[in-house]
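Peer 1: The following comprises the amino acid sequence and a computationally predicted model.
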Amino acid sequence: MNPTLETLMLAFSADDRPAIPLSALFLGAEPHEALRHWPDLTGWQPLKPLADAWDRAGFARIDELPAGQWPVVLVLPGKSRDETLLWFALAKDRLEPGGRIVAAMPNTAGASRFENELAQAAGNITSIQKHKCRAFHAMDDGSWNGETLNAWRSLGGFRGIAGTPYLARAGIFSSGHIDPGSLLLGQHLPASLHGRVADLGAGWGFLSDVALRRCPKIERIDLYEADSRALACAERNLACHDRDIRFHWHDVTRALPETYDAILMNPPFHTGQNTDVDLGRAFLTTAAAALKRHGKLHLVANRQLPYEAVLDCLRLAWRKVAEDKTYKVIVAEKR
Ligand SMILES: C[S@@+](CC[C@H](N)C(=O)[O-])C[C@H]1O[C@@H](n2cnc3c(N)ncnc32)[C@H](O)[C@@H]1O
């Protein structure tokens, strides 16, 4: 059960709550049985595993946010402040007059603070609490604060990462800095990397950029990333390289379509708010299956994560090549 989604649906289940609308748009769409009764629902979801779940449940989905107006826009934002406020503005811009934004967030993600922000912009709010989450809805009565909305809209689009040539966007991993773990792995990538290389969970492209700059014998690099917004940033960040670079919106817990001489990764270990070592394990399993014989996996992880045992189970020969107070860099070979 996803408690935030359950709480969002509760917003429609009592007498004094909004009626099920004739049509609705869902930002951050996730499938729920109750939505099957909705006559006309379109979802937008930048995260591939969740987009796949939405598709499997048989709902309609669009890759790019559409223009248009709906009587209801549902919003399930991610963890970041900027993303949440931006999504409120994107939702408001797609409301018909008198329409409603209905959002839900976990308390630990600052639900009450965001509810207050929306209330101040909209001048009205109704809220329920359940499952340690809040669902709140605000109506577009024509009097929303234009200045606040403009400030929220300005959080969209590409933005520079200070002190670097890179671009990122609100809501993606490490949108304001280079991840220190990836920096450590970048420092230990050998110039001898060659042939076909894959970057799993490539984010906005830092590791691929380092590899392309340092390793002239790379013939092709494939970036696999679940967040379509991060992948769009990676395309911009790698546009300076005149090399064979391919971008895949892909769930790395599923098999890769090709095999590789080398694989780079700083695997994720969070799903939403929670630590999820299984996700990292799944990344290692996918990598082991996609390495050619004698292919090498270059990996960085927090020191406490038990990936050495996973590599043993996958029959990869590994050695630790660097560590600092927080991270370890491991190179593993498929024999
Ligand atoms: C720790 S970050 C590393 C990002 C990037 N390599 C870097 O160095 O900045 C892990 C990345 O994996 C992505 N990710 C999470 N789950 C994924 C999945 N199931 N499939 C593909 N990518 C995923 C996240 O969006 C995030 O960009």
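Peer 2: It's in. Numbering: from 1, shown residues only.
Peer 1: which residue is nearest the middle of the chain?
Peer 2: For the chain, D227 is the residue whose C-alpha lies nearest the centre (CA atoms, centre = their mean; 4.1 Å).
Peer 1: That one: what's it in contact with?
Peer 2: Contact partners of D227, counting by CB atoms under 8 Å, 6 or more residues apart in numbering, are P46, L47, K48, G171, I172, F173, G203. (C-beta placed from N, C-alpha, C; glycine too.)
Peer 1: Now the phi/psi pair for A122, please.
Peer 2: Per-residue torsions, A122: phi -90, psi -30 (degrees, to the nearest 10).
Peer 1: Can you report how many residues neighbour it?
Peer 2: 23 (other CB atoms under 10 Å).
Peer 1: Grab the nearest non-local neighbour of it.
Peer 2: Nearest residue to A122, sequence neighbours excluded (CB to CB, 6 or more residues apart in numbering): A138, at 3.7 Å.
Peer 1: same for the helix or strand hosting that neighbour, what does it pack against?
Peer 2: Assigned by DSSP states H and E, A138 belongs to strand 133-139. Judged by 3 or more CB pairs under 8 Å, 6 or more residues apart in numbering; DSSP states H and E, strand 133-139 is in contact with helix 3-10, strand 95-106, helix 111-122, strand 126-130.
Peer 1: and the angle from it to helix 111-122?
Peer 2: Counting by axes from the mean of the first three to the mean of the last three CA atoms, to 10 degrees, strand 133-139 lies at 0 degrees to helix 111-122.
Peer 1: Taking strand 126-130 as reference, get the angle to strand 133-139.
Peer 2: 170 degrees.
Peer 1: give the contact list for G205.
Peer 2: Y166, D199, L223, C233, A234, E235, N237, L238.
Peer 1: mind redoing it with 6 Å?
Peer 2: For G205, the contact set (CB atoms under 6 Å, 6 or more residues apart in numbering) comprises A234, N237, L238.
Peer 1: where are the low-confidence patches of the stretch 151-300 of the chain?
Peer 2: Along the stretch 151-300 of the chain, the model assigns pLDDT under 70 to residues 270-275.
Peer 1: residue ranges for the strands of it, please.
Peer 2: 159-160, 167-168, 195-200, 218-225, 244-249, 260-265, 270-271, 274-275, 291-302 (DSSP state E, counting those that start in this stretch).
Peer 1: Throw these into a markdown table and include mean neighbour count and distance to L95, thanks.
Peer 2: Supplementary listing: these in a markdown table, determined by neighbours: other CB atoms under 10 Å; distance: least, CB to CB, whole Å:
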| stretch | mean neighbour count | distance to L95 |
| --- | --- | --- |
| strand 159-160 | 14 | 26 |
| strand 167-168 | 23 | 28 |
| strand 195-200 | 24 | 38 |
| strand 218-225 | 22 | 31 |
| strand 244-249 | 17 | 28 |
| strand 260-265 | 25 | 40 |
| strand 270-271 | 12 | 30 |
| strand 274-275 | 10 | 32 |
| strand 291-302 | 20 | 42 |
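Peer 1: how about these, which one is nearest E33?
Peer 2: Minimum separation from E33 across the strands of the stretch 151-300 of the chain (CB to CB) falls at strand 270-271, 21.3 Å.
Peer 1: Now name the helix or strand holding the nearest residue to W70 once chain neighbours are set aside.
Peer 2: Distances taken as CB to CB, 6+ apart put L25 closest to W70, at 4.6 Å, once the chain neighbours are dropped. Here L25, judged by DSSP H and E, is contained in strand 24-27.
Peer 1: give me the beta-bridge partners of the residue lying closest to L231 once chain neighbours are set aside?
Peer 2: Leaving aside its sequence neighbours, L231 sits nearest to E225 (CB to CB, 6+ apart; 4.6 Å). The partner list for E225 in beta bridges (DSSP bridges) reads W249.
Peer 1: tell me what whichever helix or strand comes after the strand holding L25 is packed against?
Peer 2: Reading on from strand 24-27 to the C-terminus, the next helix or strand found by DSSP H and E is strand 41-44. Applying 3 or more CB pairs under 6 Å, 6 or more residues apart in numbering; DSSP states H and E, one finds that strand 41-44 makes contact with strand 24-27.
Peer 1: Would you mind naming what in the chain lies close to the ligand?
Peer 2: 49, 173-174, 179, 182, 201-203, 206-207, 224-227, 230, 251-253, 266, 268 (CB under 6 Å from any ligand atom).
Peer 1: Give me the spatial nearest neighbour of A53, chain neighbours excluded.
Peer 2: Per CB to CB, 6+ apart, closest to A53 is P31, 5.7 Å.
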